[in-house]
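Peer 1: Need coordinates for the following:
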Amino acid sequence: MNTGMKTAALAAFLAAAAYGPDAQAKVNVNINLGAPGPVIVSSPTPVVVEQRGPRRFAIERQPRFLYTPDLGFYVSVGAPYDIIYYQDQYYIYDGGEWYRSSNYRGPWMTVRRQRLPTHISRYRYEEIRQRRDREYRRAESWERQDRNRPNDRYNDRSNDRSNDRDRQRDADRPRWR
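Peer 2: Residues are numbered from 1 along each chain as shown. Reported below is the predicted structural model:
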């Protein structure tokens, strides 16, 4: 069949269908003239869903926190997670996400990095760990010195120079929470 005959047959069919009674049949006409064109498939952009609900961390007992002066906040020592304590809030960095809670037991809510206190967000987490470890080594050394120091240093208060030295030593003492 040539193209002219196909066109005439289609026109006759459509004209007959327009004047006929309403039928419940469906008609599908497909005319292919040559090879099909290329099919362009675009993949949809992936939708990333943020988890904003509470997260659970298994912390059985109160962590011990060491104040790190060059950071300006407390960091946990010996806890199952690295926890930061700053302005009556606890922060955990886990799996690339930050979490915050008002209690070390939770509930832990996701916090965007932009919403972290600047005292915390100004440091990479690896740097926080390094500085915490350095302060912990200093605290251990301090405690070893205290164990080896005689207990009578507070008994002799007659010497002002000794008192000043003791005050300065106490000011340099590592702070635990």
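
Peer 1: from what I can see residue 109 touches residue 89, true?
Peer 2: No. In this structure residue 109 lies outside contact range of residue 89 using Cβ atoms under 8 Å: 10.7 Å. For glycine as for every other residue, the C-beta is placed from the backbone atoms N, C-alpha and C.

Peer 1: what residues are shared contacts of the two?
Peer 2: Taking Cβ atoms under 8 Å, 6 or more residues apart in numbering as the contact definition, residue 109 and residue 89 share the neighbouring residues 100, 101.

Peer 1: which regions of the chain sit below the pLDDT cut-off?
Peer 2: For the chain, applying pLDDT under 70 flags the ranges 1, 14-25, 28-53, 146-173, 175.

Peer 1: and if we set it to 80?
Peer 2: The chain contains residues with pLDDT under 80 at 1-6, 8-58, 142-177.

Peer 1: Now do the helices in it.
Peer 2: Listed in chain order, the helices of the chain (DSSP state H) span 3-19, 118-121, 125-148, 160-172.

Peer 1: How about the longest one, which residues are buried there?
Peer 2: The one in question is helix 125-148. 128, 131, 132, 135, 136, 139 (16 or more other Cβ atoms under 10 Å).

Peer 1: do you know how far the last one is from residue 91?
Peer 2: For residue 139, the distance to residue 91 under the criterion Cβ to Cβ, to the nearest Å works out to 21 Å.
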